[in-house]
Each structure stands twice: as C-alpha cells, then as structure tokens.
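J.: Fold the stuff below for me.
(one chain, ligands or ions: 1)
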Amino acid sequence: MSISALFSPLTIRGVEFRNRTVVSPMCTYSATDGLANDWHLVHLGKFAQGGAAAVFTEASAVEPRGRITHGDLGIWSADHAQALKPVTDFIRRSGAMPAIQIAHAGRKASMQRPWHGNGPLDDTDRARGEDVWDIVAASAEPVKQGWLMPTELSVPEIASIQAKFAAAAGHAVDAGFEVLEIHSAHGYLAHSFLSPLSNHRNDAYGGDLAGRMRFTLETAEQVRAVWPEDKPLFVRISAVDVDGADEGWSLEDSVALSGELKARGVDVIDCSSGGIDRLAAAGLGPREQGFRAPYGSRIRDATGIFTMVVGLVLDADVAEDLVASGAADLVAVGREALYNPNWPHHIAHELGVDPEFADWPEPYGWWLVRREPLLDGVRGD
Ligand SMILES: Cc1cc2nc3c(=O)[nH]c(=O)nc-3n(C[C@H](O)[C@H](O)[C@H](O)COP(=O)(O)O)c2cc1C
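T.: Have a look, this model is predicted:
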C-alpha cells in the first residue's frame, strides 16, 4: 500500500491516473484562430514531465464566438484536433493523461487578454486587429455595467450550441485526449444558465432549479453520447456563486446537479466556485489553502461521485489531506504549477514517496539522485 493517498493511483473507467495531482485548465491566450502551436506543446508538455497525473488544456472553445479572447484555444474543427495531436502524444508519452476542457464563454466572451486590460474589447484592441464580436447568454444581461450586452439565446440556438459541444467531444477524441471536462463554472455560458443571478428566463431553460440545470444536463448527455464509454467525463462547476454568502447558486444546488450529472454518465465533479459576475477567472482572491474542501466533501458524500478540488493548494500536506480526508479523489493546481511545473515531483519527494527521484523523467532523475549528497558540501551546511 502506498504511504500517500495523494500518490496512489486511481482508475476511472478505462483510464489510470498515476497519482491524484492534476494541472488545472488555464487560459494562456496564445493561440491564433483557436489553433494550438509550439507554445501549447511546451507549456503543457512540461507539466506532464513535472509528474502530474493529468494535464488539462485551457478552456477550448466549441465555436469561435465562445472564446474569451482572440487568443483562446478552440476545438471546433478537424484542424483544431490535428493541431493538438502533438500535445496529446507528448503528454501521454510522458506518463500523464491528456485532458481537455471544452467551453463556451457566453457573456464573458469578446474580452481583452488579461495583460491588455481584462475588460471588454475596445478601440485599442480594434487597432491591433482584434475586433469585438457579438456575444450570447442565458439572458440579455451584461456581466457588469459597461460590459457587452449579450443576446438571449433562443431554444433552437441553445440546441445548436449543445450540438457544438458534442461535435467538440468528437474532435477531442480525434486529437487523442483521454479525459474531457465540460466547463460549467466561472460565469461562462453553462454557468449563466445555472445561476439565478444570471438566468432570468421564463421558458424551459430558466425558472426553477430543474429549468436552470437543463442546459448543463442536456449538454452532458449529448457529450457523453459521443465521448467514448471507456474515458472519464468531468464537469467543472462553481459549487457556490459566492463563497461564504447565501446568494445565488448554492452548495445544495450543486449536490442536486451532481446527482443528475452522475445519472447521465458524468464521472467527476471538478469543484471550483464564483465568477458569475465579479472576476473573469474565479478563485483568485486571498483565501486559505484548500478552502474548497468542504464543497468536494459534501458533493462526494451526498452523491458518491468522484470529486476534484481546486484552489490555493500549495503545500504537500494540504494536498495529501484533501485526498486522505475524503474531500477529493483528485487535486488540481493552477498557479502553483505555473510557478513550479515540477510541483508534483517536488511534493512526492517531500512526502517521502519518491526519495530516489525515480518518478522523474530518467534524464533528470539519474542526475538528481547523485546531486543530493553533493548539496550539503556545496552549500556548506
Ligand atoms: C492564468 C489562469 C487561467 C485560467 N484559465 C482557466 C480556464 O481556462 N478554465 C478554468 O476552468 N479555469 C481557469 N482558471 C482557474 C484555474 O483553473 C484554477 O481553478 C484557479 O486558478 C484556482 O486554482 P489555483 O489556486 O491552484 O491557481 C485559470 C486560472 C489562471 C491563473
């Protein structure tokens, strides 16, 4: 038996995760026309070398209109799948599972890259050749004042976007992904249907909880029909709209949604939170480490579905405890992986799981184990 819950393997359907650490989806806004390039190969490839069990692409749009910025990845055509193939091949060769998050940005589409302002596209962006496009959402209400006004989707338009999610799942198969996640968090399109703060519809896709859940549930069903039986399907949710406040979408709503998703063949609920109207990317403010553990715990206990917990997991003992305590089956890291792509290897060493650097890529591990005894002498302590 492994001395670490975090570094024990996990099998979901036909996919074995070598441990419980996952690199979270993170937009890098570095694609052209949604196509992956050598940036994505190196960026994602180094996380696979770094020891994570699965490496997620950033939110990859199911149609051009569903991108957050002009630089987002897309997965709406065979060309997009082809461009991602070298990335999935490399990740798999490095011992990790290639994973893709498919997404539609809804009313948070047509934005500036963060370093261009992180607001709606404007004249400065237009001068750079990055024009505004029309956006859509559950209801005709902007993220906040001064932002683009979305058009409310009609029922046939909803069906057309759901078909694009299913088509994207087909392209993801062709691209060689082993894991697929539907993005239903952070205020993007699917979440804008779930939350009573952003869904003001009176038809079958709004109103009570069942109506607001309909978009995500139908989308999951259609994606599951295309995504192979032996591959895991994840859904990322904002477990609550507002952490620590009884406002909007609640944890009990998430329990209900998770149960319904499980019945439709979803395997893992990826527990994030927030993003409905305040931040473009959720969970970036000051918090305590592992603060979403209670969300993972409650959903896992109530429904028996696998959970992944994300958000401010920095230290080995926090990550270990998330799995050992039963809050999460998988632990996702975002910014910590940007800071240290070898984070999983480092914490495995720290936890005593990999004292000999045996899990590192051989061309590194061979040297690192010989480097250890030299360090004291060199550092003089
Ligand atoms: C640069 C950056 C880009 C992100 N892009 C996405 C994304 O594409 N999809 C998503 O669901 N979350 C996205 N997030 C949120 C992360 O996946 C993660 O949930 C969040 O950063 C909290 O985890 P952390 O504290 O380990 O960074 C992004 C976060 C960062 C920092």
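J.: Residue 18 is in contact with residue 8, correct?
T.: No. Between residue 8 and residue 18 there is no contact under C-beta atoms under 8 Å: 9.6 Å. No exception for glycine: its C-beta is placed from N, CA and C like everyone else's.
J.: So what's the residue count around the residue in the chain that the ligand sits nearest to?
T.: In the chain, the residue that lies nearest the ligand is residue 334 (2.8 Å; C-beta to the nearest ligand atom). Residues near residue 334, counting by other C-beta atoms under 10 Å, number 20.
J.: Ok, residue 230 next?
T.: When neighbours are counted by other C-beta under 10 Å, residue 230 comes out with 10.
J.: and what of residue 130?
T.: Counted with other C-beta under 10 Å, residue 130 comes out at 18.
J.: and the residue nearest to it when sequence neighbours are not counted, how many neighbours?
T.: Leaving aside its chain neighbours, residue 130 sits nearest to residue 70 (4.7 Å; criterion: C-beta to C-beta, 6 or more residues apart in numbering). The number of residues packed near residue 70 is 23, by other C-beta under 10 Å.
J.: quick one: pLDDT of residue 70?
T.: In this model, residue 70 is scored at 97, pLDDT.
J.: What residues does it make contact with?
T.: 29, 113, 130 (C-beta atoms under 8 Å, 6 or more residues apart in numbering).
J.: so it, which of the three states?
T.: Here residue 70 takes the coil state, with states given by DSSP: H, G, I helix; E, B strand; the rest coil.
J.: domains for this structure, by residue range?
T.: For the chain, automatic domain parsing gives the domain ranges 10-350, 355-381.
J.: closest to residue 4 out of the ones you listed?
T.: domain 10-350 (6.0 Å; C-beta to C-beta).
J.: Give me the pLDDT for residue 240.
T.: For residue 240, pLDDT reads 96.
J.: what's the distance between it and residue 80?
T.: 33 Å (C-beta to C-beta, to the nearest Å).
J.: These two: which is more packed in?
T.: The residue with more neighbours, out of residue 240 and residue 80, is residue 240; 26 against 23, by other C-beta under 10 Å.
J.: right, and residue 73 touches residue 37 too?
T.: No. Counting by C-beta under 8 Å, residue 73 sits too far from residue 37 to count as a contact (9.9 Å).
J.: Now for the two: what residues contact both?
T.: Contacts common to residue 73 and residue 37, judged by C-beta under 8 Å, 6+ apart, are residue 31.
J.: who has more neighbours, these two?
T.: Taking other C-beta under 10 Å, residue 73 and residue 37 do not tie; residue 73 has more neighbours (29 against 14).
J.: Give me the phi and psi for that one.
T.: When quoted as degrees, to the nearest 10, the phi and psi of residue 73 stand at phi -70, psi 150.
J.: Is it correct that residue 74 is in contact with residue 83?
T.: No. Using C-beta under 8 Å, residue 74 is not in contact with residue 83, being 9.3 Å away.
J.: overlap in contacts of these two?
T.: Shared contacts of residue 74 and residue 83, counting by C-beta under 8 Å, 6+ apart, come down to residue 35.
J.: Which pLDDT value goes with residue 83?
T.: Residue 83 is given a pLDDT of 98.
J.: Then residue 277?
T.: On pLDDT, residue 277 comes in at 75.
J.: The stretch 201-350 of the chain against the ligand: which residues are in contact?
T.: Proximity of the stretch 201-350 of the chain to the ligand, by C-beta under 6 Å from any ligand atom, involves residues 236, 272, 281, 283, 310-313, 333-336.
J.: Can you tell me which of those residues are classed as buried?
T.: 236, 272, 281, 283, 310-313, 333-334, 336 (16 or more other C-beta atoms under 10 Å).
J.: okay if I get those as JSON lines plus pLDDT and secondary structure?
T.: Listed next are those as JSON lines, based on pLDDT from 0 to 100; DSSP: H, G, I helix; E, B strand; the rest coil:
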{"residue": "236", "pLDDT": "98", "secondary structure": "strand"}
{"residue": "272", "pLDDT": "97", "secondary structure": "strand"}
{"residue": "281", "pLDDT": "46", "secondary structure": "coil"}
{"residue": "283", "pLDDT": "50", "secondary structure": "coil"}
{"residue": "310", "pLDDT": "98", "secondary structure": "strand"}
{"residue": "311", "pLDDT": "96", "secondary structure": "coil"}
{"residue": "312", "pLDDT": "95", "secondary structure": "coil"}
{"residue": "313", "pLDDT": "97", "secondary structure": "coil"}
{"residue": "333", "pLDDT": "98", "secondary structure": "strand"}
{"residue": "334", "pLDDT": "98", "secondary structure": "coil"}
{"residue": "336", "pLDDT": "98", "secondary structure": "helix"}
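J.: could you dump the domains of the chain to CSV with distance to residue 4?
T.: Shown next, in CSV, are the domains of the chain (distance: least, C-beta to C-beta, whole Å):
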stretch, distance to residue 4
domain 10-350, 6
domain 355-381, 12
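J.: Next, count neighbours for residue 131.
T.: Residues near residue 131, counting by other C-beta under 10 Å: 10.
J.: Kindly apply the preceding question to residue 212 instead.
T.: Neighbours of residue 212 using other C-beta under 10 Å come to 23.
J.: One more: residue 287?
T.: By other C-beta under 10 Å, the burial measure for residue 287, its neighbour count, is 14.
J.: wait, isn't it in contact with residue 312?
T.: Yes. Under the contact definition of C-beta under 8 Å, residue 287 touches residue 312, with a separation of 5.3 Å.
J.: what helix or strand is the most centrally placed residue in the chain on?
T.: Among the residues of the chain, the one closest to the centroid is residue 25, at 3.8 Å (C-alpha atoms, centre = their mean). Under the criterion DSSP states H and E, no helix or strand holds residue 25.
J.: which one of the contacts of residue 70 sits closest to residue 223?
T.: residue 29 (24.7 Å).
J.: Do you have the strands of the protein handy? List them.
T.: 10-12, 15-17, 21-23, 54-61, 73-74, 97-103, 136-137, 151-152, 179-184, 233-238, 268-272, 306-310, 330-333 (DSSP state E).
J.: Appreciated, that's everything.
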